[in-house]
Structures are given as structure tokens and as C-alpha cells.
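>>> here are the coordinates; sequence isn't available:
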């Protein structure tokens, strides 16, 4: 498994921006697909964005398209989630996850990921 540590969460006003980072351990980070999920109180964990091992393929949930951007720096073993135009409904704990299976398709469901970070809280005030 991969150890993942998120950072960058915090309190921001509606319309503001945050950039989340997820630092991964291990020498094979560049071979993993990575994803970001979020979970609001009382709700199930939901997919936000995913990126292939090379960064050439990205996929977003409809509710973040045009506002969030996932990227990665394999030299730094880090994946990012740039979040712009934040809304109060974006308030949640955000988790990064790794899929070490090296499958052909981008994983979009929580069960397709085998390593998770501890999460970072994002709170958007109105």
C-alpha cells in the first residue's frame, strides 16, 4: 500500500479558492492512478476527480467540472486539487486515494482504490 498525506484544507469564503495537496510515499507513485473524493456529514463518500499515472487522462464529477483541476507532479510524488469558485455545498472532508492496480481505465469508485489518506477539512462559508 501507499501512504498518503493530504494538506491544504481550511476555511474559505464562497467564491474563493483552495489548493489541496496529497503527498505519497513509495518509489512507484508515477505508476498509480490517483483520485480525490469528498464526504460531507451524513453523506456517502463521493468521487470528485481522477488522474492517470502520466497525467494525460483526467476525469471529473459533473459538479466540479470547470471549477476544480486535478494535477500531479511525479517528481514530487504529489497530486493536487485546485478548487476555484468554491460554494458552501463543497464543504466536506476531502480525501486523496491511490489505485495501485495499474488498470487501463480511470477508477471512479471508492472500492477501486486501495490506499487512502486521512482527509483534510474544507469549509466554505456563505
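Perfect, thanks for sending it. Nothing here was measured: the structure is a model prediction, and the numbers come from that model.
>>> which ones are touching the residue nearest the centre of the chain?
By Cα atoms, centre = their mean, the mean C-alpha position of the chain lies nearest to residue 36, the distance being 2.1 Å. Residue 36 makes contact with 20, 22, 48-50, 68, 70, 79, 81, 94-97 under the criterion Cβ atoms under 8 Å, 6 or more residues apart in numbering. From N, CA and C alone the C-beta is placed, and that goes for glycine too.
>>> what do you get for residue 106?
In this structure, residue 106 makes contact with 33, 35, 50-52, 57, 59, judged by Cβ under 8 Å, 6+ apart.
>>> how about low-confidence regions in the protein?
With pLDDT under 70 as the threshold, the chain has no low-confidence stretch at all.
>>> follow-up on the earlier one: okay, and the residue nearest to the centre of the chain sits in which element?
Residue 36 belongs to strand 33-39 when elements are defined using DSSP states H and E.
>>> Confirm that residue 11 sits in a helix.
No: when the secondary structure is assigned by DSSP: H, G, I helix; E, B strand; the rest coil, residue 11 falls in strand instead of a helix.
>>> Which residues are in contact with the closest residue to it other than its chain neighbours?
Once flanking residues are discounted, residue 11 sits nearest to residue 123: 4.7 Å by Cβ to Cβ, 6 or more residues apart in numbering. Listed by Cβ under 8 Å, 6+ apart, the contact partners of residue 123 are 10-12, 91.
>>> returning to that earlier point: any idea how far the residue nearest to the centre of the chain is from residue 68?
8 Å (Cβ to Cβ, to the nearest Å).
>>> Now do the shared contacts for the two.
With Cβ under 8 Å, 6+ apart, residue 36 and residue 68 have common neighbours 48-49, 81.
>>> Residue 40: which of the contacts of residue 123 is nearest?
Closest approach to residue 40 among those (Cβ to Cβ): residue 91, at 6.4 Å.
>>> Distance of that closest one relative to residue 53?
According to Cβ to Cβ, residue 91 stands 30 Å off from residue 53.
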